[in-house]
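Chemist: Structure of the sequence below:
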Amino acid sequence: MYLTQAIHRAAATTPSAVATTCAGRNRSWTEVKERVARLAGALKALGVGTGDRVAILAINSDRYFETYFAVPWAGAVIVPMNVRWSVAEHVYSVEDSGATILIVDDVLLPAGLAVRKECEGIRHVIYAGDGPVPGGLLGYEALVSEAAPAPDAGRNGNDLAGIFYTGGTTGFPKGVMLSHQSLWTSSLSIGAGIGLTSSVRYMHAAPMFHLADGGMTYAATIYGGSHVFLPSFDASAFIALVETERVTHALLVPTMIRLLLDCPDLASRDISSFERLVYGASPMAESLLRTAMELLPGIGFVQAYGQTELSPLATVLGSEWHVLEGPKAGKLRSAGRPGLCVEIRIVDADGGEVPRGSVGEVCVRGPNVMLGYWNQPEQTAATLVDGWVHTGDGGYLDEDGFLYIVDRVKDMIVSGGENVFSVEVENALMQHPAVSECAVIGVPDEKWGERVHAVVVPKEGHAVTAGDIVAHCKELIAGYKCPRSVGVRSEPLPKSGAGKILKVDLRKPYWADKGRNVN
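Modeler: Got it, this is the predicted structure:
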């Protein structure tokens with residue numbers, strides 16, 4: 001099982017079919033295969049060897065797509081970088097992964113240059129934008145046109161394919177190691193659950209660094225579909241691209257769906273080509289889902305639940321279950337059933353399996369699970385136990401095998417499709433000279449699903465405002481991790497007898513009228 005096989009197959013079976021559409025550029029599978037091989041050749045000429053890491057910091061484009069396949073074609077490992085991170089977080093991921101090549105586009109060029117300045121290990125920066133190549137950088141298109149095509153390295157099985165960084169419970173991002181096998185099998189499962197075929201026109205609307213879209217990148221290619229690229233999400237631009245490019249499938253996070261439903265263009269444009277809307281990456285409120293089904297009656301909805309450690313798919317709730325009447329009604333609040341090759345069990349605190357209907361931690365096993373965390377054996381051992389990934393999500397299975405997520409075991413918030421570990425924010429807060437103690441919790445939010453809420457106790461004789469706290473955090477961590485609301489209190493935070501902050505008490509007022517503790 002090797003990811004680049006999908007490129008070989010598509011070029012062999014549909015050589016002249018459109019593979020990618022981006023900014024007025026249409027390329028066939030024959031052209032894409034040639035460009036991927038040439039980019040791989042360029043990387044090898046720059047000294048990239050087997051297992052070396054190549055980082056990319058860019059928004060969605062056909063060049064990002066080519067990079068996803070050229071890196072393993074060269075025998076190397078891709079490191080997609082979160083475009084919303086701070087420079088400090090980028091520097092950490094580059095230095096932690098040991099990446100020696102950085103690919104950057106126009107939009108992220110300033111951040112890329114700042115990373116190069118801080119990271120001595122970066123030997124070359126490749127500019128994948130559309131403007132003139134900045135001094136000291138290598139031009140992506142020049143490399144592709146001038147390099148000799150490289151033979152496919154044929155990396156497969158448990159060979160490392162990518163390191164995907166996600167939030168860390170210790171305050172630092174964790175690099176999730178995913179193999180060719182794990183990404184391949186997860187992609188097959190995604191395709192089967194969504195109903196992908198070679199006629200699919202998939203739009204990359206969610207960010208391509210995120211494995212939700214990364215998984216769709218591999219899946220749509222394996223099934224022979226074509227790819228359309230939206231640089232960054234805008235509801236009006238999304239609708240226009242569906243109309244002009246006859247897009248059939250897309251993956252959106254709930255925040256994007258809300259923006260889509262509120263867009264005035266939705267009623268006036270022809271989106272009749274649109275067949276499937278896949279949603280995931282964060283929980284969807286049932287009220288929002290019902291509204292979307294009402295306003296988009298001709299579109300089949302599919303929920304995909306998972307996490308980076310699962311490459312990323314665990315369960316699928318197919319379009320046939322997105323109904324309000326009939327024998328298949330009543331499953332909208334569920335996350336669906338296990339995908340192909342996936343096993344799920346619910347365990348108690350001691351690791352024992354609990355009966356159907358009982359709440360416990362969701363554990364997942366299959367060929368889709370990660371190899372582990374890069375250079376973090378202790379965290380790997382804590383999460384990957386006897387082949388089972390402990391997800392940190394609390395849930396239960398009903399009698400029909402549908403999974404329901406009701407809470408989180410790990411101290412994590414999902415806001416707008418991004419995972420935020422509370423400890424990362426708390427570490428930043430505690431660096432403020434006026435903060436005595438703090439706690440970060442997730443609270444319900446109409447727009448983001450959940451928002452990051454900080455509770456802060458100032459040091460005696462000091463005063464802080466919400467604005468002070470947010471501005472301080474923005475200097476240290478990505479904007480989406482920063483508190484969107486802040487409560488400043490004079491009394492100490494509630495604590496257990498052992499001195500542990502009782503976040504459950506802090507959360508209660510916000511979740512009192514909710515049926516579950518995640519939104």
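Chemist: So, low pLDDT: which residues of the protein?
Modeler: Residues of the chain meeting the criterion pLDDT under 70: 168-171, 283, 496-500, 515-519.
Chemist: mind listing what the residue lying closest to residue 95 once chain neighbours are set aside touches?
Modeler: Closest residue to residue 95 in three dimensions, ignoring its sequence neighbours and counting by Cβ to Cβ, 6 or more residues apart in numbering: residue 119, at 5.8 Å. Yep, even glycine has a C-beta here, placed from its N, CA and C like the rest. If a contact means Cβ atoms under 8 Å, 6 or more residues apart in numbering, then residue 119 has 91, 94-95, 99, 102 as its contacts.
Chemist: From residue 325, how far out is the residue lying closest to residue 422 once chain neighbours are set aside?
Modeler: Nearest residue to residue 422 in three dimensions, chain neighbours excluded: residue 440, at 4.1 Å (Cβ to Cβ, 6+ apart). For residue 440, the distance to residue 325 under the criterion Cβ to Cβ, to the nearest Å works out to 42 Å.
Chemist: Filter the contacts of residue 119 down to the ones in strands?
Modeler: Assigned to strands by DSSP state E, the following of the contacts of residue 119 qualify: residue 102.
Chemist: Please pick the buried ones from the contacts of residue 119.
Modeler: Members of the contacts of residue 119 that pass the buried threshold by neighbour count (16 or more other Cβ atoms under 10 Å) are listed as 91, 94, 99, 102.
Chemist: still on that earlier bit, correct me, but the residue nearest to residue 422 touches residue 456?
Modeler: No - between residue 440 and residue 456 no contact is recorded; they are 9.5 Å apart, counting by Cβ atoms under 8 Å.
Chemist: what is in contact with the two at once?
Modeler: In the contact map built from Cβ under 8 Å, 6+ apart, the residues linked to both residue 440 and residue 456 are residue 429.
Chemist: Could you look up the SS state of residue 126?
Modeler: Applying DSSP: H, G, I helix; E, B strand; the rest coil to residue 126 yields a three-state assignment of strand.
Chemist: how many neighbours does it have?
Modeler: Summarising burial for residue 126: neighbours were counted as other Cβ atoms under 10 Å, giving 25.
Chemist: partner residues bridging it?
Modeler: Listed by DSSP bridges, the beta-bridge partners for residue 126 are residue 103, residue 138.
Chemist: Let me see the contact set for it.
Modeler: Residues touching residue 126, when contacts are defined by Cβ under 8 Å, 6+ apart, comprise 101-104, 137-140, 143.
Chemist: now it: how far from residue 141?
Modeler: In this view, residue 126 and residue 141 are 10 Å apart by Cβ to Cβ.
Chemist: residue contacts, residue 203?
Modeler: Applying Cβ under 8 Å, 6+ apart, we find residue 203 in contact with 227-230, 238, 241-242, 245, 247, 249-250.
Chemist: again, only this time at 6 Å
Modeler: Taking Cβ atoms under 6 Å, 6 or more residues apart in numbering as the definition of contact, the neighbours of residue 203 are 228, 230, 247, 250.
Chemist: What about residue 195, how many residues nearby?
Modeler: For residue 195, the tally of surrounding residues (other Cβ under 10 Å) stands at 15.
Chemist: Next up, phi/psi of it, please.
Modeler: Comment: the main-chain dihedrals of residue 195 come out as phi 90, psi 40, following degrees, to the nearest 10.
Chemist: Next, work out how far apart it and residue 32 are.
Modeler: When distances are taken as Cβ to Cβ, residue 195 and residue 32 turn out to be 24 Å apart.
Chemist: cool, and residue 319?
Modeler: 29 Å.
Chemist: Please identify which of the two sits among more neighbours.
Modeler: Counting neighbours by other Cβ under 10 Å for residue 319 and for residue 32 shows that residue 32 has the greater number, 22 against 19.
Chemist: from what I can see the more buried one touches residue 19, true?
Modeler: Yes - counting by Cβ atoms under 6 Å, residue 19 is a contact partner of residue 32 at 4.4 Å.
Chemist: What's the local residue count around residue 385?
Modeler: Other residues within reach of residue 385 by the criterion other Cβ under 10 Å amount to 14.
Chemist: The one 10 residues further on now?
Modeler: Residues within reach of residue 395, counting by other Cβ under 10 Å, total 24.
Chemist: What of residue 90?
Modeler: Neighbouring residues of residue 90 were enumerated by other Cβ under 10 Å; the total is 26.
Chemist: Look up the closest residue to it, ignoring the ones flanking it.
Modeler: In space, not counting the residues next to it along the chain, residue 90 is nearest to residue 115; the distance is 4.9 Å by Cβ to Cβ, 6+ apart.
Chemist: Please report how far that neighbour lies from residue 205.
Modeler: Looking at residue 115 against residue 205, where the rule is Cβ to Cβ, the gap reads 26 Å.
Chemist: just to revisit the earlier point, just send the contacts of residue 119 back as JSON lines, with distance to residue 305 too.
Modeler: Converted to JSON lines, the contacts of residue 119 look like this (distance: Cβ to Cβ, whole Å):
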{"residue": "91", "distance to residue 305": "32"}
{"residue": "94", "distance to residue 305": "30"}
{"residue": "95", "distance to residue 305": "32"}
{"residue": "99", "distance to residue 305": "30"}
{"residue": "102", "distance to residue 305": "32"}
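Chemist: between the contacts of residue 119, which is nearest residue 429?
Modeler: Sorting those by how near they are to residue 429, with Cβ to Cβ, puts residue 91 at the top with 20.9 Å.
Chemist: Skipping adjacent residues, who's closest to that closest one in space?
Modeler: Nearest residue to residue 91 in three dimensions, chain neighbours excluded: residue 118, at 4.6 Å (Cβ to Cβ, 6+ apart).
Chemist: Pull up the gap between the one you found and residue 175, please.
Modeler: When residue 118 is compared with residue 175 (using Cβ to Cβ), they lie 18 Å apart.
Chemist: Same drill for the two, tell me which one is more crowded.
Modeler: Legend: neighbour count by other Cβ under 10 Å for residue 118 and residue 175, higher for residue 175 (25 against 15).
Chemist: so that one sits in a strand?
Modeler: Yes - checked against three-state DSSP, residue 175 lies within a strand.
Chemist: looking at it, it is touching residue 165, isn't it?
Modeler: Yes - counting by Cβ under 6 Å, residue 175 sits close enough to residue 165 to count as a contact (5.4 Å).
Chemist: which residues of the stretch 201-350 of the chain fall in helices?
Modeler: Secondary structure of the stretch 201-350 of the chain (DSSP state H, counting those that start in this stretch): helices at 211-222, 235-245, 254-262, 286-295.
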